[in-house]
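Chemist: structure for this input, please:
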Amino acid sequence: MKDFFIGAFYTLVALICLCAIGWFFAGNDLAMFKFFAPRQEQVRRDTFEQSKAYRQGAIQELDNMRFEYIKASPEQKAALASIIRHRAADVPADALTPELYSFIKELP
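Modeler: The predicted model follows:
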């Protein structure tokens, strides 16, 4: 009977140790994710913003907005100018066409 209690005790201790180890690894995983996930996401975002597709899409959108600005009424032009400046802030100046760059610089 004594051997049964000793075996049950060791089994209980082993189970507690396994739970503690699992708890440690889960906490470690969470800590690693908390530290590395924002950095990985920033690298992914930077890579996307430097891609050819993103830059061409942004330039095309700004070009379309320029044509809308030309056709707009004076009240609409003020709102469009604000939107165009806001969107152009995310696009590097060297990626813009010369016409588009000068248009954005001349916006009121």
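Chemist: can you give me the neighbour number for Leu96?
Modeler: When neighbours are defined as other C-beta atoms under 10 Å, Leu96 has 20 of them. Just so you know, the C-beta spots here come from the backbone N, C-alpha and C atoms, and that holds for glycine as well.
Chemist: start the count at 8, not 1, going forward
Modeler: Yes, from this point I'll number from 8; that puts the last item at Leu103.
Chemist: return the residues in contact with it.
Modeler: Contact analysis of Leu103 by C-beta atoms under 8 Å, 6 or more residues apart in numbering lists Ile66, Leu69, Ala95, Ile111.
Chemist: equivalent analysis for Val20, please.
Modeler: By C-beta under 8 Å, 6+ apart, the contact set of Val20 is empty.
Chemist: that one: helix or strand, and which one exactly?
Modeler: Take DSSP states H and E as the rule and Val20 turns out to sit in helix 9-56.
Chemist: still on that earlier bit, if any of the contacts of Leu103 are buried, give me the PyMOL selection for them.
Modeler: Restricted to buried positions by 16 or more other C-beta atoms under 10 Å, the PyMOL selection for the contacts of Leu103 reads:
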select buried, resi 66+69+95+111
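Chemist: among the contacts of Leu103, which one lies nearest to Arg46?
Modeler: Distance to Arg46 across those (C-beta to C-beta) is lowest for Ala95, with 27.7 Å.
Chemist: what's the domain layout of this structure?
Modeler: 8-56, 59-113 (automatic domain parsing).
Chemist: deepest-packed of the ones you listed, please.
Modeler: By mean neighbour count, with neighbours taken as mean count of other C-beta atoms under 10 Å, domain 59-113 ranks first of the domains of the chain at a mean of 13.
Chemist: centre of the chain to it, how far?
Modeler: From the chain centre to the centre of domain 59-113 is a distance of 23 Å (C-alpha atoms, centre = their mean, to the nearest Å).
Chemist: mind checking the pLDDT average for it?
Modeler: What domain 59-113 shows for mean pLDDT is 90.
Chemist: now do it: distance from first to last residue.
Modeler: 26 Å (C-alpha to C-alpha, to the nearest Å).
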